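Q: Give me the fold of what follows.
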Amino acid sequence: VYLTTIVTYSFIFIDLPVKSGDKRAIKTALTHYRTRKKGVFYKIVPLACVALAVGVIGTVWNRGGDKYSLVTLSLMLLTMFNNGSNVVNPAMRLEESGSKVKDVKDVDVLTGIGGGHFIDVIGFTCLFVSLLF
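A: Numbers count the residues shown, from 1 in each chain. Sure thing, here's the model as predicted:
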């Protein structure tokens, strides 16, 4: 639930305003992604990711590898891959690019992060629904 809350918050309040092209929203998003590691909430995220992975693998093990648990495992792996390639890696590139909007590439990276967060929201929702079965 923690990861879903963080991702949904980022998607709604940081990523969506960037789509409007508002320079203030873009600056806010750039500041957020460039300084996110300093926040308390971000420091908990790796622990929450490990807890989620352990929980899903434990569920698969406990259920004996039935088809629903394999779907759950697949959803977790796909969400992890999406988050790494579409959110974390681009955000790290933003950190390296400095504190000012350099060019259109930063805005493109922000748009890509927003798409990655949207996929994460869908992935986490499907993951939690699959745990119900």
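
Q: buried ones in the strand or helix carrying residue 51?
A: Here residue 51 sits within helix 40-63, counting by DSSP states H and E. Neighbour counts over helix 40-63 (16 or more other Cβ atoms under 10 Å) mark 45, 48-49, 52, 56, 59-60 as buried. (Glycine included, C-beta is placed from N, CA and C.)

Q: counting contacts, what elements does it pack onto?
A: With contacts taken as 3 or more Cβ pairs under 8 Å, 6 or more residues apart in numbering; DSSP states H and E, helix 40-63 sits against helix 2-9, helix 67-83, helix 104-131.

Q: and after the second one, which helix or strand comes next?
A: Right, helix 67-83. Next element after helix 67-83 (DSSP H and E): helix 89-96.

Q: Check what contacts the helix holding residue 51 and list those residues.
A: Contacts with helix 40-63, where a contact means Cβ atoms under 8 Å, 6 or more residues apart in numbering, come from 2-3, 6, 36-37, 69-70, 72-73, 76, 80, 127, 131.

Q: mind running it again at 6 Å?
A: Identification of contacts with helix 40-63 by Cβ atoms under 6 Å, 6 or more residues apart in numbering yields 2-3, 36, 69, 72-73, 76.

Q: circling back to that earlier point, nearest to residue 94, of the helices and strands packed on helix 40-63?
A: Closest of the helices and strands packed on helix 40-63 to residue 94 is helix 104-131, at 5.8 Å (criterion: Cβ to Cβ).

Q: what about the one helix or strand residue 26 maps to, distance to the chain center?
A: Remark: residue 26 resides in helix 23-35, with elements defined by DSSP H and E. Centre-to-centre, helix 23-35 and its host chain are 16 Å apart (Cα atoms, centre = their mean, to the nearest Å).
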